[in-house]
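Trainee: kindly return the folded structure for what I paste below:
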Amino acid sequence: MTDTRKTALIVGASRTLGLGLAAEFLRRDWNVIGTVRGTGRTGLHELAETSEGRLTVESLEMTDPDQITALRDRLAGRPLDLLFVNAAITRGDLPIGEVPTEMFTEVMATNALGPMRVVEFLRPLVAPDGTIGVMSSDQGSITLNTGGGQDLYRASKSALNQLMRCYAARYAGDPRTLLLMDPGWVRTELGGMEAELSVEESVPGVAETIENHRGKPGLHFVDHQGQTVLW
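Mentor: Here you go, the predicted model:
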């Protein structure tokens, strides 16, 4: 019997939001491919063991172009309904003048360059009516930044948003849906324990927003409640 389930590739699915999204799409009867860094055992491996074969774990270091190319080659012939990149780091709340050059490079490469390489390299795998999304943040919004702080993290997310805008312009007329997703302020290593939302509270809304935007071409900057985020 032909498997008619939709397929999602979630890049950065070893823990917190990425792992939660993998579990949520399994609950929604999707097949899921999730990536982890390195070869160590993660929560995604544990989830795969209970997925009845619907979750595949792949290894990917997103900052390595050769590994992205190798993943594309491994997945050739397996059309994706969703490519979603969930990856970000922070290195503390320093004023930008105090940020070492190496730290700036690391955060920008991980939060902006790496995700866009994944999008560019893996685009051919996404079905014409599929969705390409990246995890952004309202901290990437210039309009909403009235309090400052987290200079480097904010800048990396603003850069990601701008690069997705460039991507959308370059492929104007492409029928795929493009999403910049703000998951809300979530209790993770990045969000901190004071955050408003648990992973379990954020993730269903993220998945619902992704599904509701299917078939809506162009770039959308939205949050986990489906509301538009100001640029």
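Trainee: quick one, grab the pLDDT at the closest residue in space to residue 108 that isn't next to it in sequence.
Mentor: Computed as Cβ to Cβ, 6 or more residues apart in numbering, the closest residue to residue 108 that is not its neighbour in sequence is residue 156, at 5.4 Å. C-betas here are computed from N, CA, C, even on glycine. Predicted confidence (pLDDT) for residue 156: 97.
Trainee: now do the contacts for residue 156.
Mentor: 88, 107-108, 110-112, 140 (Cβ atoms under 8 Å, 6 or more residues apart in numbering).
Trainee: so can I have CSV of the residues you listed showing secondary structure?
Mentor: What follows is the contacts of residue 156, written out as CSV (DSSP: H, G, I helix; E, B strand; the rest coil):
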residue, secondary structure
88, coil
107, helix
108, helix
110, helix
111, helix
112, helix
140, helix
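Trainee: so how many other residues sit close to residue 19?
Mentor: For residue 19, the neighbour count with other Cβ atoms under 10 Å is 23.
Trainee: show me what the lengthiest strand in the chain packs onto, helices and strands only.
Mentor: In the chain, assigned by DSSP state E, the strand with the most residues is strand 126-135. If contacts are counted by 3 or more Cβ pairs under 8 Å, 6 or more residues apart in numbering; DSSP states H and E, strand 126-135 sits against strand 80-85, helix 114-122, strand 177-182.
Trainee: so how far is the longest helix along the chain from its chain's centroid?
Mentor: Assignment by DSSP state H gives helix 151-170 as the longest helix of the chain. Helix 151-170 sits 13 Å away from the centroid of its parent chain (Cα atoms, centre = their mean, to the nearest Å).
Trainee: mind listing what's buried in it?
Mentor: Across helix 151-170, burial judged by 16 or more other Cβ atoms under 10 Å covers 151-161, 163-164, 167-168.
Trainee: and if you look at stretch 72-91?
Mentor: 75, 80-88, 90.
Trainee: now those in a markdown table, with distance to residue 225 and pLDDT?
Mentor: Below are those laid out as a markdown table (distance: Cβ to Cβ, whole Å; pLDDT from 0 to 100):
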| residue | distance to residue 225 | pLDDT |
| --- | --- | --- |
| 75 | 31 | 97 |
| 80 | 25 | 98 |
| 81 | 22 | 98 |
| 82 | 19 | 98 |
| 83 | 22 | 98 |
| 84 | 18 | 98 |
| 85 | 21 | 98 |
| 86 | 18 | 94 |
| 87 | 23 | 83 |
| 88 | 20 | 87 |
| 90 | 24 | 90 |
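Trainee: which of those residues sit farthest apart?
Mentor: The span of those, defined through Cβ to Cβ, is set by 81 and 90 at 30.6 Å.
Trainee: now the helices: where do they sit in this structure?
Mentor: Going by DSSP H, the chain shows helices at 16-27, 43-49, 65-75, 101-108, 114-122, 151-170, 199-212.
Trainee: what are the buried residues along the longest strand of the chain?
Mentor: In terms of neighbour count (16+ other Cβ under 10 Å), strand 126-135 has its buried residues at 126, 130-135.
Trainee: same deal with stretch 33-51?
Mentor: Across stretch 33-51, burial judged by 16+ other Cβ under 10 Å covers 33-37, 42-44, 47-48, 51.
Trainee: which of those residues lies closest to residue 118?
Mentor: Closest approach to residue 118 among these (Cβ to Cβ): residue 35, at 9.1 Å.
Trainee: point out where this structure drops to low pLDDT.
Mentor: Scanning the chain with the threshold set as pLDDT under 70 gives 1-2, 189-192.
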